[in-house]
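Asks: The following comprises the amino acid sequence and a computationally predicted model.
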Amino acid sequence: MDTRQDKQRREALTLSEIVRAELYRALPSGGYGEPEAMEVEDLIVNNGRIFLARRIAGGDAQTAPGSAMAYMAVGTVSTAAVLTDTTLTGEVKRKALSANSANVNNIYTAVTTFGGAADTVTSLQIQEAGIFNHASSGQGTMFQRVTFATVTLADSDLLKVTLETNCGSNTI
């Protein structure tokens, strides 16, 4: 029989993921106004969980996980994330992360900023994002996927997406 303490330990060891999206609208006078912000929970998909487990185990020739999760993609599909997702079905842009780090508090952070005209994502209804280990659209392993309220960028607008994954508690 599980004790309350056993249950708390198991819960403390689970992964929790949060995505913050900040939309910076260009001002007519130049510069940017205060960001419109949203925060939603995302999902580490099955292939992402397998990737993580293999990274911890060190992998071997048959099960090596591939390169680091170093790319973020955005897309236009609002279907809720499920564990069996392997791609962003509406992917429109993928680019290298501007920040990709882990800290002593067990937090993995990935950040990318998408610019309207600069990244050719203007006038699109961006509704999903994901982290991948390959630079090319439709390639590599997807670590996580999230959907959020529709964001439509104008030419000079910026969308900054920050993923934070808490890999358990260090308070056990």
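Replies: Cool, the structure landed.
Asks: Check residue 165 and give its pLDDT.
Replies: Looking at residue 165, its pLDDT is 83.
Asks: cool, and residue 50?
Replies: 83.
Asks: can I assume it sits in a strand?
Replies: No. Under DSSP: H, G, I helix; E, B strand; the rest coil, residue 50 sits outside any strand and is assigned helix.
Asks: And for it, the neighbour number?
Replies: Using other Cβ atoms under 10 Å, residue 50 has 13 neighbouring residues. For every residue, glycine as well, the C-beta is placed using N, CA and C.
Asks: Distance check, it against residue 83.
Replies: Distance of residue 50 to residue 83, computed by Cβ to Cβ, to the nearest Å: 11 Å.
Asks: Which helix or which strand is home to residue 95?
Replies: strand 91-96 (DSSP states H and E).
Asks: average model confidence for the helix or strand that that strand is followed by?
Replies: The first helix or strand that comes after strand 91-96 along the chain, using DSSP H and E, is strand 99-102. When pLDDT is averaged over strand 99-102, the result is 86.
Asks: outside of the helix or strand that strand 99-102 is followed by, which residues touch it?
Replies: Once the chain leaves strand 99-102, the next helix or strand it forms, by DSSP H and E, is strand 107-115. Residues outside strand 107-115 that contact it (Cβ atoms under 8 Å, 6 or more residues apart in numbering): 69, 72, 74, 93, 95-103, 121, 126, 131, 153, 156-167.
Asks: Could you give me the buried positions within strand 107-115?
Replies: Residues of strand 107-115 classed as buried: 108, 110, 111, 112, 113, 114, 115 (neighbour count, 16 or more other Cβ atoms under 10 Å).
Asks: Pull out the CA atoms of the helix or strand following that strand and give them to me as PDB.
Replies: Next along the chain after strand 107-115, taking DSSP H and E as the criterion, comes strand 125-132. Coordinates of each C-alpha in strand 125-132 appear next as PDB, following Å, rounded to 0.1, in the frame of the first residue of the first chain:
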ATOM      1  CA  GLN A 125      -2.700  31.800 -37.500                       C
ATOM      2  CA  ILE A 126       0.100  30.400 -35.300                       C
ATOM      3  CA  GLN A 127      -1.400  28.000 -32.800                       C
ATOM      4  CA  GLU A 128       1.200  25.300 -32.000                       C
ATOM      5  CA  ALA A 129       4.900  24.900 -31.100                       C
ATOM      6  CA  GLY A 130       7.300  22.100 -30.600                       C
ATOM      7  CA  ILE A 131      10.900  21.300 -29.800                       C
ATOM      8  CA  PHE A 132      12.900  19.000 -32.200                       C
END
